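**Q** Okay, structure incoming, though there's no sequence with it:
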């Protein structure tokens, strides 16, 4: 899945946040607006890096690749499946625990870059055990590597002019709601809006 993080020009020439344009494997193109002007790098980009580095295939970006539609997303090209609303609901319900874990992991990596301090591998391992049945298997240096990758992208982001972008490719496998539930994903009652 191709994802283009584009810098926006805000009111009076200020930083207006960012927008991600997403080309999903199903042929649908989406736009996801972000209102994170206070950060030096978009939070959705931090999610992309953290979820990719930690191999969270059912977090925010993996859910989008599989067909989830978060509240901040709109279709810009292509046609959604006839059952897209139900599919999105099922994906977010099935993936809810990993989406929450992705929030924690992305927040730790993003915070490390914003505040210039390394993320704590021990804190991330504790969070992992709250949301996943498997033991955390990431190496102790992975949080630091993820923060370093995001820091490189932050430097690139900061020199972009309005309407310039950073283009990335999501490469983790796409899981359907049924394959995710067969592989041990846990369903929860409420879905999350983004």
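**A** Cool, the structure landed. Every value quoted in this text rests on a predicted model; they were computed, and no experiment measured them.
**Q** Low-confidence regions, this protein specifically.
**A** Within the chain, the segments meeting pLDDT under 70 span 10-16, 35-37, 176-194.
**Q** Nearest residue to the middle of it?
**A** Centroid-nearest residue in the chain, with CA atoms, centre = their mean: residue 47, separated by 3.6 Å.
**Q** So that one is in contact with residue 60, correct?
**A** Yes. Using CB atoms under 8 Å as the test, residue 47 is close enough to residue 60 to be in contact (5.2 Å). For glycine as for every other residue, the C-beta is placed from the backbone atoms N, C-alpha and C.
**Q** Overlap of the contact sets of the two?
**A** Common neighbours of residue 47 and residue 60 are listed as 102-103, 106 (criterion: CB atoms under 8 Å, 6 or more residues apart in numbering).
**Q** So which of the residues you listed sit within helices?
**A** 102-103, 106 (DSSP state H).
**Q** Considering those residues, which possesses the most neighbours?
**A** Neighbour counts for those (other CB atoms under 10 Å) peak at residue 106, which has 26 neighbours.
**Q** Contact partners for it?
**A** 43, 46-47, 49-51, 59-60 are the contacts of residue 106 under CB under 8 Å, 6+ apart.
**Q** What's the separation between it and residue 131?
**A** Going from residue 106 to residue 131 by CB to CB, to the nearest Å gives 13 Å.
**Q** The residue nearest to the centre of the chain and residue 122, how far apart?
**A** In terms of CB to CB, residue 47 sits 22 Å off from residue 122.
**Q** what does residue 75 give?
**A** In this view, residue 75 and residue 122 are 41 Å apart by CB to CB.
**Q** Could you do residue 58 as well?
**A** Look at residue 58 and residue 122: by CB to CB, they are 24 Å apart.
**Q** For those two, indicate the residue with more neighbours.
**A** Higher neighbour count among residue 58 and residue 122: residue 58, with 28 against 11, using other CB under 10 Å.
**Q** Cheers, nothing more for now.
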